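# With the sequence up front, the predicted model follows.
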Amino acid sequence: MPTATTTSTGTTCRAPARSTGSGTAGRTTSASTTGPPDGDIREGTAALGIQVWAEQPIVGRGVLVDLDGYCRDQGTPIDHAAGQPLGLGLIQAAARAQSVSFRPGDILMLHTGWCEWFLALPTGDKESLRDSRRASGIEQSAEFIAWAWDNQLAVIAADNFAVECLPPVPSSPFRSTAPNDHGMMHQQLLAKLGLPLGELWQLGQLSRHMKATGNWDALVTVKPLNITGATGSPANATAVT
């Protein structure tokens with residue numbers, strides 16, 4: 001009889017500014033694809049917010065891409081202290097090495113090793129890193145946005161501070177459209193694509209289990225807190241393999 005392994009993975013889930021669906025696996029759209037009027041976007045509004053996914057949790061096929069393991073196998077471990085940008089080419093190469101393919105509605109989980117690396121640091125080093133606002137993560141690029149859209153991903157989650165790298169790379173094409181965020185992709189992913197982000201997910205144990213079994217997908221559930229109008233929440237995410 002097959003056994004099931006359940007691993008709690010989620011720390012944070014950020015909601016899109018304009019929700020376009022129920023948040024279940026795949027892509028579903030409401031009667032209006034333009035979202036609520038701008039006047040309804042205010043603190044505590046019931047027109048949108050994390051409560052939508054508390055009432056109708058996100059459930060779907062989660063696929064883990066082990067960037068940390070792939071880079072170590074290549075002899076080039078990720079430099080978390082430097083806040084290394086992780087480009088689309090690296091993500092694609094790691095997925096190919098795992099023989100992973102994506103389906104519409106997949107929950108993408110990127111294991112970078114950042115969480116476990118950070119937790120092992122002395123307290124002083126943790127504080128210095130926090131103050132530097134530097135963290136490894138996805139490199140900002142138009143190509144990554146297009147790839148996420150073309151693959152019809154339902155969620156992008158990672159075990160790092162902000163999913164994407166901090167600070168944004170100087171070549172970020174979003175510096176003019178997201179000046180307050182210094183070129184981050186959050187506006188592109190959350191507000192424009194309606195694609196939720198999971199930050200600080202603990203993926204180390206799950207990654208090691210998946211590598212041992214050779215199976216890189218799992219049933220993933222995400223049920224945020226029921227806070228009306230909130231833009232983020234503990235994800236309460238669980239992977240069942």
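Structure's in. What do you need?

# CA only for contacts and neighbour counts going forward, please
Will do.

# give the contact list for Pro168.
Contact analysis of Pro168 by Cα atoms under 8 Å, 6 or more residues apart in numbering lists 139-140, 182-184.

# Report the two of the residues you listed separated the most.
Glu139 and His182 (13.2 Å; Cα to Cα).

# So for those two, which sits in the more crowded spot?
A count of neighbours by other Cα atoms under 10 Å puts Glu139 above the other of Glu139 and His182, at 24 against 17.

# Buried residues in the longest strand along the chain, which are they?
In the chain, assigned by DSSP state E, the strand with the most residues is strand 58-66. For strand 58-66, a neighbour-count test (16 or more other Cα atoms under 10 Å) marks 58-66 as buried.

# For those residues, please prepare CSV with the additional fields pLDDT and distance to Trp216.
Formatted as CSV, those follow (pLDDT from 0 to 100; distance: Cα to Cα, whole Å):
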residue, pLDDT, distance to Trp216
Ile58, 94, 19
Val59, 96, 17
Gly60, 97, 14
Arg61, 98, 10
Gly62, 98, 8
Val63, 98, 6
Leu64, 98, 6
Val65, 98, 8
Asp66, 98, 9
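
# just the strands in the protein please.
Counting by DSSP E, the strands of the chain are 6-8, 12-14, 58-66, 85-86, 107-111, 137-138, 155-158, 197-199, 217-222, 232-233, 237-240.

# Dump the buried residues of strand 58-66 to a markdown table, plus distance to Gly113.
Formatted as a markdown table, the buried residues of strand 58-66 follow (distance: Cα to Cα, whole Å):
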| residue | distance to Gly113 |
| --- | --- |
| Ile58 | 24 |
| Val59 | 24 |
| Gly60 | 23 |
| Arg61 | 22 |
| Gly62 | 18 |
| Val63 | 16 |
| Leu64 | 12 |
| Val65 | 11 |
| Asp66 | 9 |
